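Q: Using only what follows, build the 3D model:
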Amino acid sequence: MKQPSINLVFGTDYFTNYTHHLLQSIPILPELPENIMNKGGLVSFLIGCLLIIPNVYWIVLAESMDFSIHITMQSFFFNSLLSILLLILINIVLKRFSVNLQLSSQQLIVIYIMINIGSAVAGHSTLQVLIPLLTHVFWYSTPENDWANLFHSFIPSFLHG
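A: Take a look at the predicted model:
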């Protein structure tokens, strides 16, 4: 038995209206400036680099030495949220003195992303798990499992001397 076409079930107007609605609901992204560095990208990069240092120190101290809290095991790294909150408060104060001194929202986003990436690299899953795991193939290599022939050729020579 022949199946009725989908247009007969829902009607042609249904699909026309639905696709028109979908095309209208697509968000339009704002245009970016020609050169983002003209908007103070270098300033945000330098501030981000400077803020990565105390954040990484805080993470290593809390996760590796004190074992008090695992900052990078949560969905939002609260150290970067605190850093951005402090920058926003400083921004509010700077706005009262001069509008040219305050950071734009784009600069704050760049700084936030930089702190998050630095936190993820310094966090529990990278420094405490990945780096020691790199030596695993050498430590547990025995003649019985033949890991030297299987894996050592894929590892760069500077890692195994």
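Q: got any ranges where this protein has weak pLDDT?
A: 1-39, 66-67, 160-161 (pLDDT under 70).
Q: Recalculate using a threshold of 50.
A: Low-confidence regions of the chain, defined here as pLDDT under 50, cover residues 36.
Q: Kindly list the main-chain dihedrals of Ile69?
A: phi -150, psi 140 (degrees, to the nearest 10).
Q: Could you check what's spatially nearest to it, not counting adjacent residues?
A: On the basis of CB to CB, 6 or more residues apart in numbering, the spatially nearest residue to Ile69 that is not a chain neighbour turns out to be Ala62, at 5.3 Å. Backbone N, C-alpha and C define where each C-beta goes, glycine included.
Q: Now do that neighbour against Leu42, distance only.
A: In this structure, Ala62 and Leu42 are separated by 31 Å, where distance is defined by CB to CB, to the nearest Å.
Q: neighbour-wise, which of these two wins?
A: More crowded of Ala62 and Leu42, by other CB atoms under 10 Å: Ala62, with 17 against 11.
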